[in-house]
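S.K.: whatever this is, show me its structure:
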Amino acid sequence: MNTIEYIKFNKAHFGEWRKMSLELFPGYATDHLERDLLQVIESDNQETFFAKGEEGIIGFINVSIRHDYVEGSNSSPVGYIEAIFIKPDYRKHGVARKLVDLGEQWVLEKGCTQMGSDTWASNKHARKFHLGLGFKEEDTLVHYIKNLKTDS
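M.R.: Predicted coordinates for the structure are as follows:
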């Protein structure tokens with residue numbers, strides 16, 4: 001594997017970040033995603049780190065500081081992995097681990113002593129990834145929906 005550089009967010013890489021974010025969240029409206037990414041840039045409580053290879057950005061992590069309750073935490077504020085994505089050819093080479101390390105260091109500097117994250121219960125790869133990084137599964141949330149009869 002070629003040399004990988006790890007850098008904080010740089011506006012020059014916004015397009016690559018947006019493209020990978022759309023891969024991570026398929027079906028998410030592009031205009032809504034762009035709005036959310038711009039909010040990350042403007043926030044003092046969020047940071048993005050990129051992994052950069054010879055051909056450009058190959059992965060990213062968005063981390064935040066959450067002041068609301070985070071499931072399983074016993075402190076506040078709590079660092080949180082909002083999103084992490086590595087291009088398929090670079091997975092299982094330690095890139096994600098390094099990005100998580102950078103995110104953890106950033107939230108430690110902001111006064112956090114815990115890091116949270118989440119994924120869908122059905123996403124077995126992401127669950128295995130989190131466990132491999134030392135996270136412990138705290139709970140599983142199941143969402144329900146019920147269609148209600150209307151008079152029409």
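S.K.: and the longest helix along the chain, how far from the chain's centre?
M.R.: For the chain, the longest helix by residue count, based on DSSP state H, is helix 95-109. Mean C-alpha position of helix 95-109 versus that of the full chain (CA atoms, centre = their mean, to the nearest Å) differs by 11 Å.
S.K.: residue 40 touches residue 63, doesn't it?
M.R.: No: judged on CB atoms under 8 Å, residue 40 makes no contact with residue 63 at a distance of 9.7 Å. (Glycine included, C-beta is placed from N, CA and C.)
S.K.: I'd like the next helix or strand past the longest strand belonging to the chain.
M.R.: Longest strand of the chain, by residue count under DSSP state E: strand 56-66. Moving toward the C-terminus from strand 56-66, the next helix or strand (DSSP states H and E) is strand 78-86.
S.K.: partners of that following strand in the sheet?
M.R.: Its sheet considered, strand 78-86 pairs with strand 56-66 (antiparallel), strand 115-116 (parallel) by DSSP bridges.
S.K.: distance between the shortest one and the chain's centre?
M.R.: So the one you mean is strand 115-116. Distance, centroid of strand 115-116 to centroid of chain: 11 Å (CA atoms, centre = their mean).
S.K.: who's in contact with the nearest residue to residue 74 once chain neighbours are set aside?
M.R.: Nearest residue to residue 74, sequence neighbours excluded (CB to CB, 6 or more residues apart in numbering): residue 114, at 7.4 Å. Contact analysis of residue 114 by CB atoms under 8 Å, 6 or more residues apart in numbering lists 70, 73-75, 78-79.
S.K.: from the residues you listed, which is closest to residue 92?
M.R.: Distance to residue 92, by CB to CB, is smallest for residue 79 among those, at 24.3 Å.
S.K.: how much space is there between the nearest residue to the closest one once chain neighbours are set aside and residue 20?
M.R.: Once flanking residues are discounted, residue 79 sits nearest to residue 107: 2.8 Å by CB to CB, 6+ apart. Noted for residue 107: a distance of 22 Å to residue 20, by CB to CB, to the nearest Å.
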